[in-house]
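In: structure for this input, please:
(one chain, ligands or ions: 2)
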Amino acid sequence: MSALITTPTGPTPAGPVGRLLRSRLVAALTTPHGVDRYLERFNPMWAAHEVRARVVSVHRETAGRDTAPVATITLEPTSTWRGHRAGQHVLVGVELPGSARRLTRAFSISSAASVPGEQITLTVRANDDGQVSKYLVREAQPGTIVHLSQAQGEFTLDESPATPTSNHLLFITGGSGITPAMSMVRTLLRDGYDGKAGRKVTFLHYARSPEDQIFADELAAIAEADNDVTVHLRHGDQVFNELELRRLVPDFRHTDTWLCGPAGLVDLVRDAYTGPDGELSPRLRMEFFKPAVARAAQPGEAVEGEVSFTRSGTTVAADGASLLEQAEAAGLSPEYGCRMGICFTCTRTKTSGTTRNVLTGEESSLPDEEIRICVTSAAGDCHVDL
Ligand SMILES: Cc1cc2nc3c(=O)[nH]c(=O)nc-3n(C[C@H](O)[C@H](O)[C@H](O)COP(=O)(O)OP(=O)(O)OC[C@H]3O[C@@H](n4cnc5c(N)ncnc54)[C@H](O)[C@@H]3O)c2cc1C
Ligand code: FES
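Out: Numbers count the residues shown, from 1 in each chain. Ligands and ions are numbered 1, 2, ... in the order given. I've put the predicted structure just below:
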């Protein structure tokens, strides 16, 4: 999977030239557009600060007869890529044909942990109602350029592969939630994971049907190999149940577990990891691809006040929904990425008024405050620069 970055005219110049391109002098000379805008014109794979990537290949994982198709997209990042830890995600920005606007969405990296200069893969389900995932799966081609953030997120293997322990590791995933776990298992296998050291890995995955199974061949090969990784694939009616998990991993509540999948699966697994004392086991780590439904106002709790989106001259009554939802309901189209507070794409300035963070419940009346409108609601009159 690893390859040196090469482009028709070579990678971004390194050494003194690279340092010069990243210098304050060059930044000042290229204001207001920035050096990357100029480099991009010469060669889209040249960058001094930002990260871009060229699509190397698009491999169809599932045909998607009953569900949306899934594809693995191999990307060659610019030399500005700093690598990733297994389980992290990246924000992907694309400019769709005919649109001047860049759309940004989060996708986990499905390939093993990377270092600068290596290729990475994303494995994406083409969401029928979505835009970016459909574009990546159905339209992106070798040579297509996309924008990337550096890797982010803490849903990672927090042990170093260099210091293997004998801990049992458990991955429970559903649908496209398999991607970060696959990155972790691939990393363990690549970096000399040694079953003989006594470490067991259990991979329990739920898919709608065998036809919808992502990475089917590779999982079968991992299951066949003599490596102490046990793979359990469940399809169709074989939904998660605690008794089965107890049979597979009797001590699951005390086993390091990584969980990623649709809300229904996450709820069931969470219940199983909640002890008789009502405490959720600290050994369970979770990643969400979709926001947990969060509304600022509790049922029956009225929100009074008006939200003014000052740039567009639109004013609406505050209703407890996030400012992103309120703006969209008013016909505005603010930029967003994850809709769950992790990517900062939707950040806007609240110039005045009181808002509430819908995740923490915290209220703030600070003027000129940067807020993520996907996880912020009005708690009274407020003005947002939108
Ligand atoms: C950390 C993280 C990692 C992820 N990793 C992966 C991965 O590895 N593979 C993968 O396939 N997906 C992954 N996702 C999910 C992916 O980011 C989303 O499915 C994303 O929405 C796809 O973008 P899109 O442009 O195709 O769809 P979007 O345009 O964002 O639409 C997605 C859904 O949101 C709804 N929606 C769109 N606009 C609105 C609106 N105005 N109001 C209400 N609802 C709306 C749509 O109906 C649609 O159902 C990940 C998400 C996160 C947060
Ligand atoms: S859309 Fe990602 S933080 Fe708001």
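In: distance of the residue lying closest to G331 once chain neighbours are set aside relative to K350?
Out: Once flanking residues are discounted, G331 sits nearest to T314: 7.6 Å by C-beta to C-beta, 6 or more residues apart in numbering. Where C-beta positions appear, they are placed from N, C-alpha and C, glycine not excepted. Separation of T314 from K350 (C-beta to C-beta, to the nearest Å): 15 Å.
In: so for the two, which residue has more residues nearby?
Out: K350 (25 against 16; other C-beta atoms under 10 Å).
In: get me the contact residues on the stretch 151-300 of the chain for ligand 1.
Out: S176, T179, F289 (C-beta under 6 Å from any ligand atom).
In: switch those over to a markdown table; also include secondary structure.
Out: Putting those into a markdown table (DSSP: H, G, I helix; E, B strand; the rest coil) gives the following:
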| residue | secondary structure |
| --- | --- |
| S176 | helix |
| T179 | helix |
| F289 | coil |
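In: kindly reformat those residues as a markdown table containing neighbour count.
Out: Output for those, formatted as a markdown table (neighbours: other C-beta atoms under 10 Å):
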| residue | neighbour count |
| --- | --- |
| S176 | 26 |
| T179 | 28 |
| F289 | 21 |
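In: return the member of the residues you listed nearest to G143.
Out: T179 (23.6 Å; C-beta to C-beta).
In: count of neighbours near the closest residue to ligand 2 within the stretch 1-150 of the chain?
Out: Nearest residue of the stretch 1-150 of the chain to ligand 2: A106, at 7.5 Å (C-beta to the nearest ligand atom). Burial of A106 is recorded as 20 neighbouring residues (other C-beta under 10 Å).
In: hmm, L122 and it touching each other?
Out: No. With contact defined as C-beta atoms under 8 Å, A106 does not count as touching L122 (10.1 Å).
In: and the closest residue to ligand 1 within the stretch 101-250 of the chain, what helix or strand is that in?
Out: Using C-beta to the nearest ligand atom, the closest approach of the stretch 101-250 of the chain to ligand 1 is made by G130 at 2.2 Å. For G130, there is no host helix or strand (DSSP states H and E).
In: state the number of residues packed around it.
Out: Number of residues near G130 (other C-beta under 10 Å) recorded here: 15.
In: quick check: it vs A207, distance?
Out: Counting by C-beta to C-beta, the gap from G130 to A207 is 20 Å.
In: next: V185.
Out: 16 Å.
In: so which bits of this protein are right by ligand 2?
Out: So the chain meets ligand 2 at Y336, G337, C338, R339, G341, I342, C343, F344, T345, C346, R372, C374 (C-beta under 6 Å from any ligand atom).
In: need the phi and psi values for the third one.
Out: Translated: C338. phi -100, psi -20 (degrees, to the nearest 10).
In: not counting sequence-adjacent ones, nearest residue to it?
Out: Among residues not flanking C338 along the chain, A106 sits closest, at 4.7 Å (C-beta to C-beta, 6+ apart).
In: SS state for the one you found?
Out: strand.
In: okay, it: pLDDT?
Out: Per-residue confidence (pLDDT) for A106: 93.
In: kindly report the same for the one 4 residues further on.
Out: Model confidence at S110, expressed as pLDDT, equals 98.
In: and it, how many neighbours?
Out: For S110, using other C-beta under 10 Å, the count is 25.
In: what residues are up against it?
Out: T72, T121, L122, T123, T179, P180, M182, S183, R186 (C-beta atoms under 8 Å, 6 or more residues apart in numbering).
In: check G264 too.
Out: Counting by C-beta under 8 Å, 6+ apart, there are no residues that G264 touches.
In: distance of it from ligand 1?
Out: As judged by C-beta to the nearest ligand atom, to the nearest Å, G264 and ligand 1 stand 16 Å apart.
In: which secondary structure state is assigned to that residue?
Out: Under three-state DSSP, G264 comes out as helix.
In: from S281, how far out is it?
Out: 20 Å.
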